[in-house]
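Asks: okay, sequence plus prediction incoming.
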Amino acid sequence: MTITLDLERPKTFATSRGAARLLLAPVLVLICLLFASAPIWATGSVLSGVFDGSEPVVNPLLAGGCGETPLGYVEATFKVTKSGTYTFLDLLGAWGSVGGLDIWEFVYEDSFDSAAPTRNLLAFQENEYSYTLEAELAADTKYVLVAQQTCPFAEGTWAVAITGPGTAISDHVVALPSFTSGAVVKNGQRIARVGACYDLLGDPLLYHQSGPIRVSRNGTYYLSDASHPGGTCVNVYTSPIDPNRPSINLVGGAWGWGTIELKAGQDYYFVAQRDCYSGNCEFFYVLAPPAPFRINHGLADSWYNPETPGQGFFLDVFEQRNEVFLGWFTYLTDPPAGDEFGHLWMTAFGPFAGTAADLAIEWTGGGAFDAAQPQPYQYVQGNILLEFNDCSSGQITYSIPLDIGGPGPSGVIPIQRNVNDAVALCESLYSGPGMPGPL
Amino acid sequence: MFTLSRVAAPALALAVCLFGSAPASAESTVLSGMFDGSEPIMAALWSNYCSSSSSGYRQTDFTVSTNGNYSLQDAFDGLAYVGALNARTQVYEGSFDPAVPSQHAKYTSGDGYYSFKQGITYTLVVQDKCGNREGAWAVVLSGQGSVHSSNVVAVPNFTKGKFSSADPIMSFTWSMEGIPTRYKQSGPIRVSRTGTYYFGAIHLEGGGGMEVQIYTAPVNPSDQNANLVAQVPGGVPLQAGQDYYFVTHAYQEEEDGEYLYVLAPPTPLRINPGLSGTWYYPDTPGQGFFLTVYEKLNQVFLAWFTFTDNPAPDDEFGHRWMTAFGPFEGHSADLLIESTVGGAFNAAQPVPKQDVVGNMLLEFADCSSGQITYSWDGDESGSPPMSGVIPIRRHTDDSVALCESLYAGPGMPGPL
């Protein structure tokens, strides 16, 4: 019985080495006996994905948000391992002010039909301001979680925590760091409330420390309490916590929701804290990394290579369509007699994903200045790989199978902005939390 | 959607009452201006919950007509959620030096009022409270006298007044249900532009909370829902050409205090990075424009890809391209057309030659359409002088929502 419970509990209770298991077994039995009065043995799973504009749209499934414009939605099929009541929590909706994506959540049994969105509907969030819903789910039954954007221009990561008696199985389940779930020891040492856990009138808290933990990227990380019921707060330190001086080396944390700036290569110690007064000593929180850079409208600008002045590129980004349109303003190397300008321009068009775009070069000729006739001809020949490192720099790799008198049919051109005026806009358009998972 | 629920009504009254209050028999003056990116930058006057970053600031001198206590309130307080820019303000007595922002700073007394004297020039410094955004700012100075400043804006008379025993009484069903309160009705009122108008409540000493309802016909005391358009605060959609009746009522029984609210029109379109992209004229396919907006610099850079009318015999494409660069203000930009010639494909040499050959007026009607008026005197290659007007529209409307979001919110209070 005890082993069964252990297997279903958060990963902190799972030990991987036989010797350790033997040593810990009495402790685990004791812990489990202490938890016997807990009303719910909750386990947690997180389903996550990214809205990138390629989603199908349907009229808003809830009133509110940004109006009546059809909004993108994703379907995540899942099953649960045990029957019971499950809670769904929109983990990143609270981050709307810092780039997080608020979603509406709906749970359907078997399938979702966008033409008949009430068919098979099992549960939905109470209103547009809610982040949670509850649903009675049966083991090994197919369900569909539908997550819908709340505004048409909102792209970014969505993430939903599912907690209940079993775990969720889905292609959208993300693997979470094991230290983000577990339980504090009910009769363990308590520490004073400091940092994110500060409460003038609150009693000292039980805690569970994990570390050293490192993150792979510098940036803003997003902490969300996913435990059910809530009440977990997390403090983060740069050294093991001193229970007698819990403010030492404290760098930040969250009670409910919070952000923290973390640096790659630095050792951190995550200290989850609860009071256990309700009988629930389990903690479950989600740490979402900063969203990775992705092409967005803030890159629509003029770009050039400082080594080749007097020529360059203009870029337009159709963010909702995930497409890029590029104009290249340059010259013929050997213009024909009588052509004093030597002008050559070409356009390129194609889809982007993440930081790169594959473009087909379009050649347009035979028109007349500001005139409808003669109608220009156009054909596609050649291609461009457009890649960005960040909001300020990138490179263009071109292949042009035409004799335009250039240095060769292919090449690589590093590009930078003419002016960095829109860098801040670009950074704001992809900022916010990324998908929870490996740090 | 824009009506105030019964649950929210007490919150509004509370919000109104939380404003600082000015002395009785107050005279109120609205000062307003725009942050458009051309402002000088300085460190935050002070840190707040929202931002401690450096940002642009505006300063304006003002004098008062009468010695006494004055309150200073942000007219857009509480409207950030509908795109309003909230002001971080500081008053100075004498000159203001951004390098020493504490020098000559004037502070309120314990009761929250500034003590201003006639004949002294004060300086009001305004900074965006939440970063370095662009948009309108508006503050209200209320006290015993009037305020004189180049940033004073004239606001409609019906937005301020005083309840008295001569006012009619009605029991409004949305707030303090069943309690009769005095009200004033103004109308018919028309607005000049269709769009979202923004309401900011100012509380004056001696005045309690108040609410405003907007009708398309005089209010019917026996059917208060008839012809009701909206209850404010926040954003209210109004249509040009429609008659409206503004009903202001006190929030407390037999209230006889003064009231003032600020009704700001939708901010006019101004050029922003949401307009960056490709534009073209459908009647001349195969050619068009790329546009880049440098919002913080208030400059536009444009590329025109088109054709020559007289290509050389062996010129397969007949290409011509030119660029244009210049400042913008509001919804238009004056650009100089630059011709760049003599370079080589993806090569540093020969260095191209660049000349200004004409000018261009770029004007936008909205986030989806505009026009280009161009002229040049010809060039040394023999191109004749040319001029014309080209209506333009987007290649796709993908970024219209972004463009609209970047200038949304209240404009400067003033004529409606």
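Replies: Looks like it arrived, so ask away. What you see is a predicted model, and the numbers here were worked out from it, not measured in a lab.
Asks: show me the contact partners of the strand or helix carrying A:Thr347.
Replies: A:Thr347 is located in strand A:343-353, with elements delineated by DSSP states H and E. Here strand A:343-353 makes contact (Cβ atoms under 8 Å, 6 or more residues apart in numbering or on different chains) with A:52, A:295, A:317, A:322-332, A:357-364, A:383-384, A:386, A:404, B:305, B:317, B:319-321, B:341, B:345. (C-beta placed from N, C-alpha, C; glycine too.)
Asks: contacts only, for residue 229.
Replies: Using chain A. Contacts of A:Pro229 (Cβ under 8 Å, 6+ apart): A:Ser278, A:Asn280.
Asks: wait, I meant chain B there
Replies: Neighbours of B:Val229 in contact, by Cβ under 8 Å, 6+ apart: B:Ile214, B:Tyr215, B:Thr216, B:Val236, B:Leu238, B:Tyr244.
Asks: do the same with A:Ala368
Replies: A:Pro374, B:Phe307, B:Thr308, B:Asp309, B:Gly318.
Asks: now it: phi and psi?
Replies: Backbone geometry at A:Ala368, expressed as degrees, to the nearest 10, gives phi -130, psi 150.
Asks: A:Phe293 now?
Replies: phi -60, psi 140.
Asks: relative to A:Val74, how far out is it?
Replies: Distance of A:Phe293 to A:Val74, given as Cβ to Cβ, to the nearest Å: 22 Å.
Asks: more neighbours: the two, which one.
Replies: Just comparing A:Phe293 and A:Val74: by other Cβ atoms under 10 Å in any protein chain shown the higher neighbour count belongs to A:Val74, 19 against 16.
Asks: what about the helix or strand that one falls within, distance to the chain center?
Replies: A:Val74 belongs to strand A:71-80 when assigned by DSSP H and E. Centre-to-centre, strand A:71-80 and its host chain are 16 Å apart (Cα atoms, centre = their mean, to the nearest Å).
Asks: packing partners for it?
Replies: strand A:43-51, strand A:57-58, strand A:143-149, strand A:156-164, strand A:168-170 (3 or more Cβ pairs under 8 Å, 6 or more residues apart in numbering or on different chains; DSSP states H and E).
Asks: circling back to that earlier point, need the contacts of B:Val229 in a markdown table with secondary structure, can you?
Replies: Below are these laid out as a markdown table (DSSP: H, G, I helix; E, B strand; the rest coil):
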| residue | secondary structure |
| --- | --- |
| B:Ile214 | strand |
| B:Tyr215 | strand |
| B:Thr216 | coil |
| B:Val236 | strand |
| B:Leu238 | strand |
| B:Tyr244 | strand |
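Asks: walk me through the domains of the chain.
Replies: Using chain A here. Residue ranges for each domain of chain A read A:2-18+A:35-288, A:301-421, as given by automatic domain parsing.
Asks: switch to chain B, please.
Replies: B:8-267, B:273-406.
Asks: between these, which one is closest to A:Val173.
Replies: domain B:273-406 (32.3 Å; Cβ to Cβ).
Asks: what's the span of that closest one, first residue to last?
Replies: This stretch, domain B:273-406, spans 8 Å end to end (Cα to Cα, to the nearest Å).
Asks: tell me the mean pLDDT for that domain?
Replies: In this model, domain B:273-406 has an average pLDDT of 92.
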